[in-house]
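Trainee: My questions are about this predicted structure, shown below with the sequence.
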Amino acid sequence: MRARHPGVRIAALAAIGLWAVACGPSIDLKQDLQVADVRTGWFDAGIVGGKNKLVPSISFVLRNASEHEVNSVQLNLAFWRKGEDGEFDGAFLATAIDRTGLAPGEQTPTITLRGSVGYTGEQPRAEMFQHRLFVDVTARLFVKRGSSPWVLLGEFPIERRLLTR
């Protein structure tokens, strides 16, 4: 009788796992995921320093438009003010779709991402949109899976609408 070393069994299982990943379907997140049911606006973040505060907000679902399961997806959202060269705020979601995956044709629950930087003012919240220093914002949604590079999934203007939820 021959004794087997436990390390050999672990190495064999690891090799099978790597083979399964390498031979699985290629995933193009730009093609495979659709952003749907988008709702944008400015979330009432309460009173900060005695002033009303509004922060940009976006809610959406991700739909699997492919013929295979999509899993392990992360999101990165960048808020850009109109006319400016760089991101002024952002939000990150480490697990938008977990390892169990999203089946073909299925969608995620609603995902809501908000900035932490926004506008403050003493005037009523609804009037803040008319202030001369208010600048419109666009949300740029990036997605990635595993160690793949970030891919731009879409750009969404933040509507001048007050959100309380």
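Mentor: Everything's here; your move.
Trainee: From here on, just use CA atoms for contacts and neighbour counts.
Mentor: Will do.
Trainee: what number of residues lie near P124?
Mentor: By the criterion of other C-alpha atoms under 10 Å, P124 has 10 neighbours.
Trainee: ok, now R114?
Mentor: 23.
Trainee: And the pLDDT at it?
Mentor: Note on R114: pLDDT of 96.
Trainee: if I pick it, what's in contact with it?
Mentor: F43, V55, P56, S57, I58, G90, A91 (C-alpha atoms under 8 Å, 6 or more residues apart in numbering).
Trainee: Bridged to it, which residues?
Mentor: In this entry, R114 is beta-bridged to S57, by DSSP bridges.
Trainee: which residues of this structure fall in strands?
Mentor: 33-48, 51-64, 73-81, 87-97, 111-114, 119-121, 137-145, 151-157, 162-163 (DSSP state E).
Trainee: where does the protein have low pLDDT?
Mentor: Applying pLDDT under 70 to the chain picks out residues 1-25.
Trainee: can we see that at 50?
Mentor: Residues of the chain meeting the criterion pLDDT under 50: 1-24.
Trainee: okay if I get the contacts of R114 as a markdown table plus distance to G121?
Mentor: Below are the contacts of R114 laid out as a markdown table (distance: C-alpha to C-alpha, whole Å):
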| residue | distance to G121 |
| --- | --- |
| F43 | 14 |
| V55 | 12 |
| P56 | 15 |
| S57 | 18 |
| I58 | 22 |
| G90 | 21 |
| A91 | 23 |
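Trainee: Going by distance to Y119, which of the residues you listed wins?
Mentor: Closest to Y119 out of the contacts of R114 is V55 (6.6 Å), distances taken as C-alpha to C-alpha.
Trainee: show me the contacts for the closest one.
Mentor: W42, F43, D44, A45, R114, G115, S116, V117, G118, Y119.
Trainee: of all those residues, which two lie farthest apart?
Mentor: R114 and Y119 (13.1 Å).
Trainee: coming back round to it: between the contacts of R114, which has the most around it?
Mentor: Most surrounded of the contacts of R114: other C-alpha under 10 Å gives P56, at 31 neighbours.
Trainee: ok, of the contacts of V55, which come out buried?
Mentor: Among the contacts of V55, those scoring as buried are W42, F43, D44, A45, R114, G115, G118, Y119 (criterion: 16 or more other C-alpha atoms under 10 Å).
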